[in-house]
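Engineer: sequence and computational prediction follow.
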Amino acid sequence: MTVQKRFIAGAICPRCAEMDRIRSWEQNGIRYRDCVSCDFFEQLPIEDEALPELETRVNREREEQARSDLQTVKILDPKGH
């Protein structure tokens, strides 16, 4: 089975400082990263418990987004009709 290695867009290599040269892949519960321009290589265990996702306006509950201070806006015709 071939492991698919993916480039990380915008990533800068910590060793040679080249941008868009870092690849990442996972295999046997370990995350690997390497640089195609130099000999940088790193392996990190994949954590079972992911960190909680940061709250943003996109993932916030809809009830929190609803406001009770909404007001109706009447658009007036500039010609006065």
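Structural biologist: Nice, I can see it.
Engineer: do you know the pLDDT at Y32?
Structural biologist: You'll see Y32 listed with a pLDDT of 94.
Engineer: tell me the buried residues in the helix or strand hosting it?
Structural biologist: Taking DSSP states H and E as the definition, Y32 sits inside strand 30-35. Neighbour-count burial for strand 30-35, with 16 or more other Cβ atoms under 10 Å as criterion, is recorded at Y32, R33, D34, C35. (C-beta placed from N, C-alpha, C; glycine too.)
Engineer: tell me how far that strand lies from the chain's centre.
Structural biologist: 18 Å (Cα atoms, centre = their mean, to the nearest Å).
Engineer: which element follows that strand toward the C-terminus?
Structural biologist: Next element after strand 30-35 (DSSP H and E): strand 41-45.
Engineer: show me what that following strand is packed against.
Structural biologist: Applying 3 or more Cβ pairs under 8 Å, 6 or more residues apart in numbering; DSSP states H and E, one finds that strand 41-45 contacts strand 30-35.
Engineer: who's in contact with the strand it packs on?
Structural biologist: By Cβ atoms under 8 Å, 6 or more residues apart in numbering, the residues outside strand 30-35 that reach it are 8, 13, 15-16, 18, 21-26, 40-46.
Engineer: change it to 10 Å
Structural biologist: 3, 5, 8, 11-16, 18, 21-26, 40-47 (Cβ atoms under 10 Å, 6 or more residues apart in numbering).
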